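Peer 1: here is my input, please return the structure:
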Amino acid sequence: MIDSSAFQGKKAAYYTLGCKLNFSETSTFGKMLEDMGVITAKKGEKADICLINTCSVTEVADHKCRQAIHRMVRNNPGAFVIVTGCYAQLESENVSKIEGVDLVLGANEKAHLIQYLSDAWAQNSDAAALHQHYSVKTKEIKTFQPSCSRGNRTRYFLKVQDGCNYYCTYCTIPFARGNSRNPSIQSLVAQCEQAAAEGGKEIVITGVNIGDFGQTTHERFIDLVKAMDQVEGIKRYRISSLEPDLCDDDLIEYCAQSRAFMPHFHIPLQSGSDEVLKLMHRRYDKALFAHKVNLIKEKMPDAFIGVDVMVGCRGETPECFEECYEFLKSLPVTQLHVFPYSERPGTAALKIPYVVDEKEKKKRSKRLLELSDQKTQEFYAQYIGTEAEVLFEKAPRGKAMHGFTKNYIRVELSPALAKEEYDNQLIKVRLGDFNHDKTALKGELL
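Peer 2: So this is what the prediction gives:
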């Protein structure tokens, strides 16, 4: 039994690390607490409840999680501190020992956040009841926490899938989130309809391995896409990340002629060397990846294509890196999300003998980031002088307003032109020159 009176009027602060999926889930946690009468603390206000949603994709991410926990505890003395997410699942006992942490919830338990929090409060007089941690073994992670929320943003983030069956040699995500699972298409369409009823215009589809949708319900990802495309009121959908071997040609064909799916793809490559891809246990080669990219550009010439690429993983010799660099240089991709390989305890990659030192990782990252900037700016430059519809997001008072075109070009509207009523509105603009740091094109209202 949950005593809702215990929640009334309390203030909560939230901190999220990691992917869009985590941001979506944190937003849902916030809504759950809000429904119980909890208010979100404003900047600078002391919170009664602190929730940190963690990431564990790299060693750096683990370090940032610990820093965030210490900071939240320090800034909110006496608050009840909850830690959840991937780092909490993998290191639940160690996290529970951090001073100031009261409750740690793993991947299976976070769906019942309110119940665990209520139970912990009921036992709060007993010092032994504090520093509780709950997490089950990976194979026992079965729950699916629905999430379709925008938090303080304009775009909604809809979680359609969780977990992963791939077990790539460098990755701990399957251990942190369990095997692939998903809700029904019917339930997801209902969430899209609710978002539309609330005034939402754009939904970003999130998950751990969304192309693997259907493991639970035996449905197909393309059928989900087709069903969502029929929801009136939603003007735009974006697919956040899709494995190359699960990015079906018929899905690309459908998106090219769909009503609301945008010409915007994000496809993880990880390495442009077939030798390294084999060491990673990835399920495709360079030829398949190139085929997907070229088909997207053939069907949607304006498409923005983002690519994840890892540098300095075990086995990536200088020759393998050069092969990767030249491969990416040759492809009509738009932007690279570059991240250095990080040793993760318990992963099979640790058995690979060739190790890249940190200095070399930084050099390789720098080269790829420079290539990314070049490709993105060349892509943006093609559209200077053209007209486009932009979905704008609210900006802090006196600051420039930002939004995105259909093909994910970031557009900046100067404070002199920006109006509060433009938030969550599709506005026609003429795309001008680059802004001062070349991260956006300037928008001119038509």
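Peer 1: please count neighbours and contacts with C-alpha atoms only from this point.
Peer 2: Noted.
Peer 1: for the helix or strand bottoming out on mean pLDDT in the chain, buried residues please.
Peer 2: Here the helix or strand of the chain ranked lowest by mean pLDDT, DSSP states H and E is strand 132-134, holding a mean of 72. Neighbour-count burial for strand 132-134 flags Gln132, His133, Tyr134 (criterion: 16 or more other Cα atoms under 10 Å).
Peer 1: need those residues in JSON lines (columns: distance to Leu446).
Peer 2: Formatted as JSON lines, these follow (distance: Cα to Cα, whole Å):
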{"residue": "Gln132", "distance to Leu446": "57"}
{"residue": "His133", "distance to Leu446": "56"}
{"residue": "Tyr134", "distance to Leu446": "55"}
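Peer 1: of the residues you listed, closest to Glu198?
Peer 2: Tyr134 (34.7 Å; Cα to Cα).
Peer 1: for the closest one, which non-adjacent residue is spatially closest?
Peer 2: Closest residue to Tyr134 apart from its sequence neighbours, by Cα to Cα, 6 or more residues apart in numbering: Leu105 at 5.2 Å.
Peer 1: show me where the protein has its helices.
Peer 2: With DSSP state H as the criterion, the chain has helices at 20-35, 59-75, 86-90, 92-96, 113-122, 173-177, 185-197, 221-229, 249-257, 274-280, 286-299, 318-330, 358-381.
Peer 1: do you know which of those helices lies nearest Ser5?
Peer 2: Ser5 lies closest to helix 113-122 among the helices of the chain, at 10.3 Å (Cα to Cα).
Peer 1: and the angle for that closest one with helix 20-35?
Peer 2: Interaxial angle, helix 113-122 versus helix 20-35 (axes from the mean of the first three to the mean of the last three Cα atoms, to 10 degrees): 60 degrees.
Peer 1: other SSEs contacting helix 113-122?
Peer 2: If you count contacts as 3 or more Cα pairs under 8 Å, 6 or more residues apart in numbering; DSSP states H and E, helix 113-122 packs onto helix 20-35, strand 103-105.
Peer 1: buried ones in that helix?
Peer 2: Leu113, Ile114, Tyr116, Leu117, Ser118, Ala120, Trp121.
Peer 1: swap in stretch 190-202?
Peer 2: Neighbour-count burial for stretch 190-202, counted by 16+ other Cα under 10 Å, picks out Gln191, Cys192, Glu193, Ala195, Ala196, Gly200, Lys201, Glu202.
Peer 1: pretty sure the first one contacts Tyr156?
Peer 2: It refers to Gln191. No: proximity of Gln191 to Tyr156 does not meet the contact threshold set by Cα atoms under 8 Å, at 10.3 Å.
Peer 1: list residues touching both of these two?
Peer 2: Jointly contacting Gln191 and Tyr156 under the rule Cα atoms under 8 Å, 6 or more residues apart in numbering are Cys148.
Peer 1: can you redo the helices of the chain as JSON lines with distance to Ser147 and mean pLDDT?
Peer 2: Output for these, formatted as JSON lines (distance: least, Cα to Cα, whole Å; pLDDT from 0 to 100):
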{"stretch": "helix 20-35", "distance to Ser147": "6", "mean pLDDT": "90"}
{"stretch": "helix 59-75", "distance to Ser147": "22", "mean pLDDT": "94"}
{"stretch": "helix 86-90", "distance to Ser147": "16", "mean pLDDT": "93"}
{"stretch": "helix 92-96", "distance to Ser147": "23", "mean pLDDT": "90"}
{"stretch": "helix 113-122", "distance to Ser147": "13", "mean pLDDT": "84"}
{"stretch": "helix 173-177", "distance to Ser147": "15", "mean pLDDT": "91"}
{"stretch": "helix 185-197", "distance to Ser147": "9", "mean pLDDT": "97"}
{"stretch": "helix 221-229", "distance to Ser147": "16", "mean pLDDT": "98"}
{"stretch": "helix 249-257", "distance to Ser147": "24", "mean pLDDT": "98"}
{"stretch": "helix 274-280", "distance to Ser147": "31", "mean pLDDT": "98"}
{"stretch": "helix 286-299", "distance to Ser147": "29", "mean pLDDT": "98"}
{"stretch": "helix 318-330", "distance to Ser147": "34", "mean pLDDT": "98"}
{"stretch": "helix 358-381", "distance to Ser147": "31", "mean pLDDT": "98"}
